[in-house]
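Enquirer: Could you look at this predicted model? Sequence included:
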Amino acid sequence: MDTYKWVRKGLRWIILAAAFVFFFAANAVPAEAKTITIKSPEDLRDINWANKGFGPGNTYVIGADMTLGDGEYATCRLTKGKFTIDFNGHTVQNANNALGVFSISGAEVIFKDSKVSSTKPSVRSYGAGAIDMTAGKLTINSGNYLGLSNGTNNPCALHVGGGTCIVNGGFFYGDTIGADCTGAKLYINGGTFQTGFWFALADFGNAAISVAKGNFIGGTTTYGYHFSLGALSGTSQTYNFGKWLAKGSSFSPTFQTGYWNLQSSVTAYPTISNYYAVAYDTQTLAITSSLKKPAATAITKIQAGTTKLKPTWKRKTGISGYEVQFSTSKKFTSAKTVRINDAKTTAKTVSGFKSGKTYYVRVRTFKTFNGRRWYSKWSTVKAQKTK
């Protein structure tokens, strides 16, 4: 009996300890995101891992031009978690024998260049490609991305082989292809894509490509043709590039809506089968979007409690939702932002405010399109004091 008694006591202690662990884990405050300046190739390689104070959730600002060493594949790999990388006017490149600079294989990453220069690349690869993506989510807001040949590879600036890639801006140049997509999702909301030889943008698989806006500058072949868009098709039928156009977008007026089968029309390329190119003999193919900002709304009233505020606003149609901001500053510094992903909702109770304090409130609408939220103007600001 004594043995069973001690076993029961032991089990109770184990259950109690497990409950404490669960409680503290559930209520643990997540680590505050930091902005970290990266000044060496060694640190850039390590940002994926939770050492040296690095790891997911932070913004990494490139603090110097740097060259990453040789590697079997990409020399900076991002496998899980969220990262923001700001190239800050600097260039990150690989050594001549490495195949790529960045590999996104499961992480959620944002690339931007807050001091981007038209004459300086943000990322330059001397191998297969500047950016290689196989899984995860990549958003590119700005920057210059170059994929240059080392004499043995056919490089591109951006390869999307899996996951979802959203391009809101930037310049992408590849010696062979500006950007290519193979069985993934690629949303282009802006930017310029250029190639020295083949295609500015190419589909090499069953990809889901949607272009709202962008410029595509084709490469010049021995025959003098300029290929802006290209695709690999398993049949000899006409490839429909119109399916790439996002709703409300259109090709430039000079665009030729035909196709060209390199296999049957160009004897100089006997090894290339079932490739299709459009906008031949057209140096630049422009895709323009008629997408407009969603309509703005207005706050009609704000109900106040001791620690709660409930703003009400006018309902708008043709949108995806609303964002409401609260701040003790008229300039909305350190603002609290609440997103409502429902166009029918016109009021929201938000808590966590201090009693007897004046808060400034504003609201805007947004529409989710091509993987990006497009916002209206902010409403007129209203002030409300808590009780």
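Expert: Arrived safely. Not measured: the values here are computed from a predicted model.
Enquirer: pretty sure residue 380 contacts residue 364?
Expert: No. Using Cβ atoms under 8 Å, residue 380 makes no contact with residue 364, being 11.2 Å away. In this view, the C-beta of every residue, glycine as well, is placed from N, C-alpha and C.
Enquirer: Neighbour count: the two, which is higher?
Expert: Applying other Cβ atoms under 10 Å to residue 380 and residue 364 shows that residue 364 carries more neighbours, namely 19 against 10.
Enquirer: Who are the packing partners of the helix or strand encompassing the more buried one?
Expert: Using DSSP states H and E, residue 364 maps to strand 358-369. Applying 3 or more Cβ pairs under 8 Å, 6 or more residues apart in numbering; DSSP states H and E, we find strand 358-369 packed against strand 299-304, strand 308-313, strand 321-327, strand 372-375, strand 382-385.
Enquirer: and the longest one, average pLDDT?
Expert: Model confidence over strand 321-327, given as mean pLDDT, is 95.
Enquirer: Then the second one?
Expert: For strand 308-313, the per-residue pLDDT values average out at 96.
Enquirer: Is residue 88 within a helix or a strand, and which one?
Expert: Per DSSP H and E, there is no helix or strand for residue 88.
Enquirer: Could you give the bridge partners of residue 137?
Expert: residue 108, residue 164 (DSSP bridges).
Enquirer: my guess is it contacts residue 108, does it?
Expert: Yes. Here residue 137 lies in contact with residue 108, judged by Cβ under 8 Å, at a distance of 4.6 Å.
Enquirer: Packing partners of the one helix or strand residue 110 maps to?
Expert: In the assignment (DSSP H and E), residue 110 maps to strand 100-112. Using 3+ Cβ pairs under 8 Å, 6+ apart, the elements in contact with strand 100-112 are strand 74-78, strand 82-86, strand 92-94, strand 123-125, strand 129-140.
Enquirer: now, of these, which is deepest in the fold?
Expert: Across the helices and strands packed on strand 100-112, the average number of neighbours (mean count of other Cβ atoms under 10 Å) peaks for strand 123-125, which reaches a mean of 27.
Enquirer: strand partners of it, parallel vs antiparallel please.
Expert: Next to strand 123-125 in the sheet, as set by DSSP bridges, lie strand 92-94 (parallel), strand 144-147 (parallel).
Enquirer: where in the protein is pLDDT low?
Expert: 1-33, 70-74, 96-98, 150-154, 206, 221-225, 233-240, 253-282 (pLDDT under 70).
Enquirer: can you list the domains in it?
Expert: 1-28, 35-289, 299-385 (automatic domain parsing).
Enquirer: now the longest one, how far from the chain's geometric center?
Expert: What it means is domain 35-289. 12 Å (Cα atoms, centre = their mean, to the nearest Å).
Enquirer: gap between the two ends of it?
Expert: Using Cα to Cα, to the nearest Å, the end-to-end distance of domain 35-289 comes out at 35 Å.
Enquirer: what's the answer for stretch 331-345, then?
Expert: 26 Å.
Enquirer: ok, residues contacting that stretch?
Expert: 315-317, 319-329, 348, 350, 352, 360, 362 (Cβ atoms under 8 Å, 6 or more residues apart in numbering).
Enquirer: Buried only: go through those for me.
Expert: 316, 319-327, 348, 350, 360, 362 (16 or more other Cβ atoms under 10 Å).
Enquirer: partner residues bridging the closest residue to residue 284 other than its chain neighbours?
Expert: Excluding the flanking residues, the one nearest residue 284 by Cβ to Cβ, 6 or more residues apart in numbering is residue 217, at 5.1 Å. Beta bridges link residue 217 to residue 194, residue 284 when assigned by DSSP bridges.
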